[in-house]
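Asker: dropping a prediction and its sequence here:
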Amino acid sequence: PFLIILVIGLLIGIFLIKDFPEQCGAYRDNDKSLTPEIANAMMVAEIENKKSSVWTIWNTIKSKEFWFGTIAVGALLSCAIGLMSQSMQIVNAGVGEEKYSAVMATVMIFGCIGSYVIGLIDTKIGTKKAMIISCALMVIAGVLGLLGNGIVLWIAMIFVAMFMGASSNYTVSGSVQYWRIEDFPTVFGKVNPLANLMNNMAPMVIAGLMFMNAAQTHGQPQAAPAFAFVGIAGVISIILLLLFKPARVK
């Protein structure tokens, strides 16, 4: 079944997916004030600009800014998904098994709030500042997760939910905001897989941290090491984002 889905997906990508909205009768950014002639002229100009873009694959991966942003967004995704993959163990160890549904309902609500509110900040103020806010939420979650159990750990999960809700936006918004639309396919095509490579390793890392002292704790998981990892990752990510200079990309 996976091979069938792969083949179907490839065929759809090759024959049906377009690079520009104008190629399938849509409006750019849903802006209906653009006439087809203007939109088509913009599309042709972008195609020509892409041919002479300095952002080749090699130049992209040589850029410090590319790595600063990619590692930060990878850390956000990793910590969110890593903790969520062990959410039952975390809640059972710190809050109690009977509260799991209530904690996860709270996570759902604040995940939606975080996605929307930080998405607005991303759009209105800028991706770099929005990412720094999200990483600050990582640090807060990490500190609260170290402090204790019960209600404090529950609050820590709320902060996890907020940066988790926002984290999946940044591979797209960062690539769009700091690189031209002509360069988006090249940059996003590197940011997304690298960030998700970090993301894919996160459940193993978080689980390993939680169970690393299993012999001393009679097989019981410990949430504190995982939250310490999240807090440290948040601090490192903030430093990387402060080093990120959009002017160097331009």
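Answerer: Perfect, I can see it now.
Asker: looking at this structure, which helix or strand is least sure?
Answerer: Taking mean pLDDT, DSSP states H and E as the measure, the chain has helix 36-51 as its least confident helix or strand, at a mean of 80.
Asker: tell me the buried residues in that helix?
Answerer: 39, 43, 46, 50 (16 or more other CB atoms under 10 Å). Quick note: C-beta positions are derived from backbone N, CA and C, even for glycine.
Asker: and residue 28, how many neighbours?
Answerer: 15 (other CB atoms under 10 Å).
Asker: my read: it touches residue 21, true?
Answerer: Yes. Counting by CB atoms under 8 Å, residue 28 touches residue 21, with 5.5 Å between them.
Asker: what sits up against the helix or strand containing residue 59?
Answerer: Secondary structure assignment for residue 59, by DSSP states H and E: helix 57-62. The contact list for helix 57-62 (CB atoms under 8 Å, 6 or more residues apart in numbering) reads 66, 186, 187, 190.
Asker: check whether the last one sits in a helix, strand or coil.
Answerer: Each residue gets one of three states, and residue 190 gets helix by DSSP: H, G, I helix; E, B strand; the rest coil.
Asker: that one reaches residue 66, doesn't it?
Answerer: Yes. Judged on CB under 8 Å, residue 190 makes contact with residue 66 at a distance of 7.1 Å.
Asker: for those two, indicate the residue with more neighbours.
Answerer: More crowded of residue 190 and residue 66, by other CB under 10 Å: residue 66, with 23 against 19.
Asker: how far away is the more buried one from residue 129?
Answerer: 19 Å (CB to CB, to the nearest Å).
Asker: equivalent analysis for residue 54, please.
Answerer: Plainly put, residue 54 is 26 Å away from residue 129 if you go by CB to CB.
Asker: those two: which is more packed in?
Answerer: Legend: neighbour count by other CB under 10 Å for residue 54 and residue 129, higher for residue 129 (14 against 7).
Asker: not counting sequence-adjacent ones, nearest residue to the more buried one?
Answerer: Among residues not flanking residue 129 along the chain, residue 121 sits closest, at 6.8 Å (CB to CB, 6 or more residues apart in numbering).
Asker: count of residues packed around that neighbour?
Answerer: Neighbour tally, residue 121, other CB under 10 Å: 16.
Asker: same deal with residue 24?
Answerer: For residue 24, using other CB under 10 Å, the count is 10.
Asker: so how far is residue 35 from it?
Answerer: Applying CB to CB, the value for residue 24 to residue 35 is 17 Å.
Asker: for the helix or strand that contains residue 162, list every residue counted as buried.
Answerer: Under the criterion DSSP H and E, the helix or strand holding residue 162 is helix 151-167. The neighbour-count check on helix 151-167 (16+ other CB under 10 Å) flags 153-167 as buried.
Asker: output it as CSV, restricted to C-alpha atoms.
Answerer: These are the backbone C-alpha positions of helix 151-167, laid out as CSV (Å, rounded to 0.1, in the frame of the first residue of the first chain):
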residue,chain,number,x,y,z
ILE,A,151,-0.2,21.6,38.6
VAL,A,152,3.3,23.0,37.7
LEU,A,153,3.9,20.2,35.2
TRP,A,154,0.4,20.7,33.8
ILE,A,155,1.2,24.4,33.2
ALA,A,156,4.5,23.3,31.6
MET,A,157,2.5,21.2,29.1
ILE,A,158,0.4,24.3,28.3
PHE,A,159,3.6,26.2,27.3
VAL,A,160,4.6,23.1,25.3
ALA,A,161,1.3,23.3,23.5
MET,A,162,1.7,26.9,22.6
PHE,A,163,5.1,26.6,21.0
MET,A,164,4.1,23.3,19.4
GLY,A,165,1.1,25.1,17.7
ALA,A,166,3.4,27.7,16.2
SER,A,167,6.4,25.6,15.3
